[in-house]
Each structure stands twice: as C-alpha cells, then as structure tokens.
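Chemist: got a structure for you, letters missing:
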C-alpha cells in the first residue's frame, strides 16, 4: 500500500447537500422547505411552540432550586474503606483522596470525596478528604483514628 492508494471505506464520506442548485439536484427551487408558511421563510424560531396549545414547559410544575455552582462530591462509606483495607488495597495509616482513586474504591474525585458513616471501622485509620458526615467523623475517632477535612476556601479579605 502506498500513500496515493489510501482511500476511505465505501460509504464513509458523504457529499454535502447543496440546497437550491436547480431541479436536477432534487432539492432545487424551494430547497426542501415546501411551499409557503413560517418554516419556508428565514428566521424561523418555533422550538417549544405547540401551535397555541400551552407548551409542555409551562404545563409542568417547577419545584425546588438547583444552584448553578453546587458541588458534586464522590461518596465513600466506612464499610467500603474497611473492605478495601482488609483486601490490602488501602493502607490504613494514610488514606488520601488520591489513594482512594488509585485503589479503585472511588472512580474519580469530582469536586472532592466525602466520607459517609455507613458501616464501621475495625482499626485506627488516618483519613484526609474534602468532606465527611458527622457520623463518619465520630466513627473514625471512636476507632482511634483521625480525620482531616479540607477547609472551605474563604473569600479574600478586602484591603482597606
């Protein structure tokens, strides 16, 4: 095979549709837009318009509030941590977010990792994560371990 013999597979590429280029093209004259009406003209914007019927986005109720800057945490429970320690995939002496990802307990960090309190620990562990529930922190301390939770970044103080 030589460079000048390279070709795409048959059917891999398709010629662009040239609208309004005569009757022989099959899409000449009106360019596939039909005859008259709003959609035959330029500047059509009818998304969400349902012919005068109340549109679905107005018929359905809106509930709650979705903050645009909400944090999305990866969660891990105490029973999962204990299971991975027993399997030898985690070192109880130093459990960090990177160690949790490397072990496979958490797929990715997202905006941080948050420890929740389901299950129990059998030994002392040192955990450093972005967040933890009160019950998880209490369970880690009860097992003789320690937990370090990353502080929220505060806004810089204004200079006077």
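Modeler: Cool, the structure landed. If you're wondering where the values come from, they're calculated on a predicted model, not measured in any experiment.

Chemist: Please enumerate the helices of the protein.
Modeler: For the chain, helices defined by DSSP state H occupy the ranges 56-59, 78-86, 97-103, 134-142.

Chemist: could I get those as TSV with mean neighbour count?
Modeler: Placement of C-beta: from N, CA and C, glycine included. What follows is these, written out as TSV (neighbours: other C-beta atoms under 10 Å):
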stretch	mean neighbour count
helix 56-59	9
helix 78-86	18
helix 97-103	17
helix 134-142	16
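
Chemist: Compare those and give me the one nearest residue 14.
Modeler: Among these, helix 56-59 comes nearest to residue 14, with 34.2 Å by C-beta to C-beta.

Chemist: rewinding a little: can I get the helices of the chain in CSV with distance to residue 117 and mean pLDDT?
Modeler: Shown next, in CSV, are these (distance: least, C-beta to C-beta, whole Å; pLDDT from 0 to 100):
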stretch, distance to residue 117, mean pLDDT
helix 56-59, 40, 93
helix 78-86, 6, 93
helix 97-103, 16, 92
helix 134-142, 3, 93
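
Chemist: Distance to residue 5 for these - can I get that in a markdown table?
Modeler: Shown next, in a markdown table, are the helices of the chain (distance: least, C-beta to C-beta, whole Å):
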| stretch | distance to residue 5 |
| --- | --- |
| helix 56-59 | 54 |
| helix 78-86 | 54 |
| helix 97-103 | 46 |
| helix 134-142 | 63 |
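
Chemist: Can you name the residues that contact the closest residue to residue 34 other than its chain neighbours?
Modeler: Counting by C-beta to C-beta, 6 or more residues apart in numbering, residue 34 lies nearest to residue 40, which is 5.6 Å off, once chain neighbours are set aside. If you count contacts by C-beta atoms under 8 Å, 6 or more residues apart in numbering, residue 40 has them with 30, 33-34.

Chemist: Residue 40 and residue 24, how far apart?
Modeler: From residue 40 across to residue 24, the span is 21 Å (C-beta to C-beta, to the nearest Å).

Chemist: if we can go back for a sec, can you check which of the helices of the chain gets nearest to residue 109?
Modeler: Where the helices of the chain are weighed against each other on C-beta to C-beta, the nearest is helix 97-103, at 5.6 Å.

Chemist: Give the other helices and strands that that closest one contacts.
Modeler: Helix 97-103 sits against strand 126-129, with contacts defined as 3 or more C-beta pairs under 8 Å, 6 or more residues apart in numbering; DSSP states H and E.

Chemist: how far does the strand it packs on sit from the chain's center?
Modeler: In terms of C-alpha atoms, centre = their mean, to the nearest Å, the centre of strand 126-129 is set 24 Å apart from its chain centre.
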